[in-house]
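Chemist: Please work out how this folds:
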Amino acid sequence: MNVNQFDFELPESLIAQTPLAERTASRLLSLERHTGKVGHHSFRELADMLHPGDTLVLNNTRVLPARLLGVKADTGAKVELLLLKQLEGDRWETLAKPAKRLKLGTELAFGDDGTGSPLLRATIVSEGEMGGREIEFHYDGIFQELLDRLGEMPLPPYIKERLDDRERYQTVYAKHEGSAAAPTAGLHFDEPFLEQLRLKGVRIAYVTLHVGLGTFRPMSVELIEEHTMHSEYYELSAETAKILSETREQGGRIVAVGTTSARTLETVAQRFADESIGACSGWTDIFIYPGYKFQLVDALLTNFHLPKSTLVMLVSALAGQEAVMKAYKEAIQQEYRFFSFGDAMFIY
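Modeler: Numbering: from 1, shown residues only. Predicted structure coming up:
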């Protein structure tokens with residue numbers, strides 16, 4: 001399939017720049033995947049669309065303040081690092097700007113300890129493609145505390161507004177730190193709404209997938225079959241495995257909240273195939289696009305995604321490319337808010 005089949009024109013005014021004051025105040029577009037029927041709702045109406053016995057699967061990863069602004073130690077020229085993945089010890093996989101000037105051995109400095117010395121230093125130890133750099137950090141103290149002090153939230157490049165409250169780019173159930181981006185479908189939930197769903201008989205289960213490099217890299221091929229995903233670390237607990245198995249046995253639906261949860265669930269489904277699902281962890285580079293047959297995911301809550309992105313392709317694998325493109329067109333006509341801080345879509 002050609003990447004251009006997943007393209008659409010989006011007015012810049014529909015790209016949400018800031019989160020709503022209330023997490024649950026967004027709009028919700030529903031798409032019935034077997035008929036293509038589209039509906040328009042408030043997000044809180046999701047409670048009416050979920051049934052007792054359904055299980056909502058949430059990604060409890062927590063976003064690192066992974067954007068570091070600093071200088072080249074020798075010239076003072078400004079540099080930016082986006083931490084993507086901790087490799088070993090103090091070595092990290094990063095995206096660097098301006099990458100062309102950041103060669104092997106370049107020394108970087110971040111912050112000031114009050115005496116004119118940097119709080120955090122780094123050396124470029126290898127060069128990758130498309131701005132990728134492997135970095136080794138040097139510091140005194142605890143790295144996480146320095147990162148909390150110096151780092152900024154790694155908001156996507158299409159968000160130009162400053163985010164005053166860091167926690168609005170975290171889900172209310174974020175627990176395990178390690179992501180370079182938020183699982184944004186989960187940003188719509190607050191604790192009272194989750195409790196409302198529990199009281200209705202909807203079960204809540206958690207997976208962890210640390211969002212990495214693939215989120216920031218555009219597709220560079222014309223045929224989607226030729227695209228390779230970057231691997232991301234995931235975990236599924238014994239408790240979640242038990243809930244998923246019971247949901248299947250009792251006839252409930254497994255509802256993935258976000259494409260990251262969906263990719264984790266489908267990775268687990270492939271890993272266990274005909275066996276019973278069990279606790280597991282590892283790395284996944286699963287790429288889901290039309291033609292894929294979902295094995296664990298019955299329904300998906302997701303945000304609206306970028307044109308020609310792997311996320312639009314995943315959504316199209318569940319509901320069909322034609323139905324998704326039609327639904328996106330209607331969402332644009334109805335002026336839904338798009339991307340990370342935007343409105344939601346429920347495919348069932």
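Chemist: show me where the stretch 1-150 of the chain has helices.
Modeler: Using DSSP state H, counting those that start in this stretch, the helices of the stretch 1-150 of the chain run over 46-49, 143-150.
Chemist: Out of those, which is closest to residue 94?
Modeler: With C-beta to C-beta as the measure, helix 143-150 is the member of the helices of the stretch 1-150 of the chain nearest residue 94 (12.5 Å). For every residue, glycine as well, the C-beta is placed using N, CA and C.
Chemist: model confidence over the closest one, on average?
Modeler: Mean pLDDT, computed over helix 143-150, is 96.
Chemist: And for stretch 48-60?
Modeler: On average, stretch 48-60 scores 98.
Chemist: Endpoint to endpoint, that stretch covers what distance?
Modeler: Using C-alpha to C-alpha, to the nearest Å, one end of stretch 48-60 lies 24 Å from the other.
Chemist: before we move on, back to that, among the helices of the stretch 1-150 of the chain, which comes closest to residue 321?
Modeler: With C-beta to C-beta as the criterion, residue 321 lies closest to helix 46-49 of those, at 23.1 Å.
Chemist: quick revisit: residue 64 is nearest to which of the helices of the stretch 1-150 of the chain?
Modeler: Taking C-beta to C-beta, helix 143-150 is the member of the helices of the stretch 1-150 of the chain nearest to residue 64, at 6.7 Å.
Chemist: Tell me the buried residues in that closest one?
Modeler: Neighbour-count burial for helix 143-150 flags 146, 147, 150 (criterion: 16 or more other C-beta atoms under 10 Å).
Chemist: What is the subsequent helix or strand relative to that helix?
Modeler: Counting by DSSP states H and E, the next helix or strand C-terminal to helix 143-150 is strand 176-179.
Chemist: residues in contact with that next one?
Modeler: Here strand 176-179 makes contact (C-beta atoms under 8 Å, 6 or more residues apart in numbering) with 60-64, 86, 144, 208, 210-212, 233, 235.
Chemist: Would you list the strands that it pairs with, along with their directions?
Modeler: Taking DSSP bridges as the criterion, strand 176-179 forms sheet pairs with strand 61-63 (parallel).
Chemist: got the residue ranges for the strands in the stretch 1-150 of the chain?
Modeler: 27-31, 38-42, 55-59, 61-63, 67-72, 78-88, 91-97, 107-110, 120-127, 132-139 (DSSP state E, counting those that start in this stretch).
Chemist: Distance to residue 160 and mean neighbour count for the ones you listed - can I get that in CSV?
Modeler: Output for the strands of the stretch 1-150 of the chain, formatted as CSV (distance: least, C-beta to C-beta, whole Å; neighbours: other C-beta atoms under 10 Å):
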stretch, distance to residue 160, mean neighbour count
strand 27-31, 22, 21
strand 38-42, 27, 14
strand 55-59, 26, 26
strand 61-63, 19, 24
strand 67-72, 14, 18
strand 78-88, 15, 18
strand 91-97, 16, 21
strand 107-110, 23, 20
strand 120-127, 27, 18
strand 132-139, 25, 18
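Chemist: what's the closest of these to residue 154?
Modeler: Residue 154 lies closest to strand 67-72 among these, at 4.5 Å (C-beta to C-beta).
Chemist: quick one, the closest one and strand 120-127 angle?
Modeler: Relative orientation of strand 67-72 versus strand 120-127 (axes from the mean of the first three to the mean of the last three C-alpha atoms, to 10 degrees): 90 degrees.
Chemist: Strand 67-72 - contacts with which helices or strands?
Modeler: strand 78-88, strand 107-110, strand 120-127 (3 or more C-beta pairs under 8 Å, 6 or more residues apart in numbering; DSSP states H and E).
Chemist: Out of those strands, the one nearest residue 161 is which?
Modeler: The closest of these to residue 161 is strand 78-88. By C-beta to C-beta, the value is 17.9 Å.
Chemist: other SSEs contacting that closest one?
Modeler: Applying 3+ C-beta pairs under 8 Å, 6+ apart, one finds that strand 78-88 contacts strand 67-72, strand 91-97, strand 132-139.
Chemist: Now do the same contact list for residue 122.
Modeler: Residue 122 makes contacts with 70, 81, 107, 108, 109, 110, 135, 136, 137, 138, as judged by C-beta under 8 Å, 6+ apart.
Chemist: hmm, 7 Å instead?
Modeler: Residues in contact with residue 122 (C-beta atoms under 7 Å, 6 or more residues apart in numbering) are 108, 135, 136, 137, 138.
Chemist: Check residue 29 too.
Modeler: Residues near residue 29 by C-beta under 7 Å, 6+ apart: 38, 40, 327, 331, 336, 345.
Chemist: let's see 6 Å
Modeler: For residue 29, the contact set (C-beta atoms under 6 Å, 6 or more residues apart in numbering) comprises 331, 345.
Chemist: pLDDT value on it, please?
Modeler: So residue 29 comes in at 98 (pLDDT).
Chemist: burial of residue 236, as a residue count?
Modeler: Neighbour count of residue 236, defined by other C-beta atoms under 10 Å: 26.
Chemist: Thought residue 207 was touching it, still the case?
Modeler: Yes - using C-beta atoms under 6 Å, residue 236 makes contact with residue 207 at a distance of 5.2 Å.
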